[in-house]
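Visitor: give me the fold of what follows.
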Amino acid sequence: MNNQSLPTLSTDSLVELLRKVLVVRRFEETLIKLASKHDVGHFHVYIGQEITGIAALGLLEAGDLCFTTHRNHGHLLARGAEPARMLAEILGKATGYCGGRGGTLHLASARLGFPTTSSAVGGCTPLATGAAFGLSRLGSDRVSVCLFGDGALEEGSYHESINIAALERLPIIFLCVNNSLEALGQKAGEYPSSTLAAVRLTDLVDPFGVPAVTIDGSDAKAVTDSMRDAVDRAREGGGPTFIEACTVRWPGNRPLWPALLTGETDLSMAWEERAIPQEFRNWHAVQDGVLRFVREMIAAGHVTPQIVGEIDEVVRHQMEAATRFALESPYPEPE
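Guide: Predicted coordinates:
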């Protein structure tokens with residue numbers, strides 16, 4: 001193993017990237033357990049896509065805007081959201097980011113660069129495009145990032161949005177996570193994967209003349225490099241970019257409700273092959289971007305297993321405190 005899949009960043013920056021990745025993973029695992037005892041409504045988790053969101057959004061600056069979808073937890077955490085206030089919001093508590101009114105599907109924080117969140121498939125595309133139009137007309141060098149899944153490409157709003165973005169050379173990055181890889185579909189009782197006639201997702205980009213790139217969404221270097229190019233292009237007035245980040249759908253995201261089918265992530269599987277169980281072995285050994293990133297960090301000498309364990313312990317304590325905060329927080333007043 002070499003460090004070819006690691007971004008060109010300092011050790012401190014890479015360690016911070018690792019910390020954020022673990023925050024997202026432990027947050028989602030915590031939420032799944034919490035949802036088994038408390039009614040949070042339907043929810044979606046970002047497990048299996050952490051490397052894409054953390055690496056990409058870590059390149060943004062204050063004033064940049066993000067418009068996300070129903071699978072939004074990892075995006076907000078990537079930009080510094082507090083797990084405690086997020087869990088409180090998901091539980092409908094007054095201390096949440098939206099005062100308990102947004103819940104999991106509409107988590108938003110204007111201060112963190114998320115003016116609003118749409119849970120409608122494809123709903124974020126016109127919002128992000130409109131924001132980019134406004135930034136352009138204001139003469140700002142800020143960018144708008146549209147975060148969505150492959151299913152959004154089935155909606156007419158996507159085609160209208162990217163057409164306007166191309167015509168006006170808007171400062172927007174369309175970051176599409178294709179998480180349909182190895183999805184079994186409706187016959188297996190899962191949510192369906194994409195139902196597109198296009199052979200490649202980028203076939204739906206090419207007619208608009210927008211630069212498009214397909215990358216491995218679990219490859220931190222590929223995500224960082226492609227996103228940096230797209231952000232620089234947008235800031236310099238070069239117009240939109242489309243990034244397709246391919247990820248394998250986490251087994252626990254396959255049922256209609258998220259379930260910890262693979263158990264809480266045992267990070268020792270990143271450096272101890274004997275720790276990898278036979279069940280879901282391919283996921284742990286090859287497909288899980290978090291374990292891949294840990295392996296690459298250790299191989300490159302940026303961390304040791306002990307350091308990884310220490311970071312994870314701090315993150316786990318953070319999730320325990322966040323859970324207590326959310327459960328002890330009051331509900332909004334009835335009026």
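Visitor: quick check, pLDDT for the closest residue in space to Leu91 that isn't next to it in sequence.
Guide: Distance criterion CB to CB, 6 or more residues apart in numbering; nearest residue to Leu91, sequence neighbours excluded, is Ala326 at 5.2 Å. In short, each C-beta sits where N, CA and C put it, glycine included. In this model, Ala326 is scored at 98, pLDDT.
Visitor: got a list of what Ala326 touches?
Guide: Ala326 makes contacts with 34, 84, 87-88, 90-91, 93, 95, as judged by CB atoms under 8 Å, 6 or more residues apart in numbering.
Visitor: if we go to 7 Å?
Guide: Listed by CB atoms under 7 Å, 6 or more residues apart in numbering, the contact partners of Ala326 are 84, 87-88, 91, 93.
Visitor: now tabulate those in TSV and tack on secondary structure and neighbour count.
Guide: Shown next, in TSV, are the contacts of Ala326 (DSSP: H, G, I helix; E, B strand; the rest coil; neighbours: other CB atoms under 10 Å):
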residue	secondary structure	neighbour count
Ala84	helix	19
Leu87	helix	27
Ala88	helix	26
Leu91	coil	23
Lys93	coil	20
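Visitor: could you single out the nearest of the residues you listed to Glu29?
Guide: Leu87 (12.3 Å; CB to CB).
Visitor: list the contacts for the closest one?
Guide: The neighbourhood of Leu87, defined by CB under 7 Å, 6+ apart, consists of 322-323, 326.
Visitor: quick check, nearest of those residues to Glu29?
Guide: Distance to Glu29 across those (CB to CB) is lowest for Thr323, with 11.3 Å.
Visitor: quick one, helices of the stretch 151-300 of the chain?
Guide: 156-168, 220-235, 281-282, 289-299 (DSSP state H, counting those that start in this stretch).
Visitor: contacts for the third one?
Guide: When you say that, I think you mean helix 281-282. In contact with helix 281-282 (CB under 7 Å, 6+ apart) are no residues whatsoever.
Visitor: just flag the most distant two among the contacts of Ala326.
Guide: Across the contacts of Ala326, the longest distance by CB to CB is 10.9 Å; it joins Ala84 and Leu91.
Visitor: list the buried residues for stretch 151-162?
Guide: If you call a residue buried by 16 or more other CB atoms under 10 Å, then stretch 151-162 has these buried ones: 151-153, 155, 157-159, 161-162.
Visitor: what's the span of that stretch from first residue to last?
Guide: With CA to CA, to the nearest Å as the measure, stretch 151-162 spans 15 Å from end to end.
Visitor: what is the mean pLDDT for that stretch?
Guide: 94.
Visitor: wouldn't Lys221 be in contact with Leu14 here?
Guide: No: applying CB atoms under 7 Å, one finds Lys221 not in contact with Leu14, separated by 10.7 Å.
Visitor: residues shared between the contacts of the two?
Guide: Common neighbours of Lys221 and Leu14, counting by CB under 7 Å, 6+ apart, are Leu6.
Visitor: wait, Thr202 sits on Glu244?
Guide: Yes: the criterion here is CB under 7 Å, and Thr202 meets it with Glu244 at 6.1 Å.
Visitor: which residues do the two both contact?
Guide: Once CB under 7 Å, 6+ apart is applied, the residues that Thr202 and Glu244 both contact turn out to be Thr214.
Visitor: among those two, which residue is more densely surrounded?
Guide: Legend: neighbour count by other CB atoms under 10 Å for Thr202 and Glu244, higher for Glu244 (22 against 17).
Visitor: give me the pLDDT value at the residue nearest to the more buried one when sequence neighbours are not counted.
Guide: Closest residue to Glu244 apart from its sequence neighbours, by CB to CB, 6+ apart: Thr214 at 4.5 Å. According to the prediction, Thr214 has pLDDT 97.
Visitor: show me the contacts for Glu310.
Guide: Glu310 neighbours (CB under 7 Å, 6+ apart): none.
Visitor: measure stretch 74-83 end to end?
Guide: Calculated as CA to CA, the first-to-last residue distance of stretch 74-83 is 10 Å.
Visitor: can you pull out the strands in the stretch 201-335 of the chain?
Guide: For the stretch 201-335 of the chain, strands defined by DSSP state E, counting those that start in this stretch occupy the ranges 212-216, 241-248.
Visitor: of all those strands, which one is nearest Pro255?
Guide: Proximity to Pro255, assessed across these by CB to CB, is greatest for strand 241-248 (15.8 Å).
Visitor: tell me the strands beside the closest one, with direction?
Guide: Paired strands of strand 241-248, with direction, are strand 172-181 (parallel), strand 212-216 (parallel) (DSSP bridges).
Visitor: what's the angle from the shortest one to helix 220-235?
Guide: Per axes from the mean of the first three to the mean of the last three CA atoms, to 10 degrees, the angle that strand 212-216 makes with helix 220-235 is 160 degrees.
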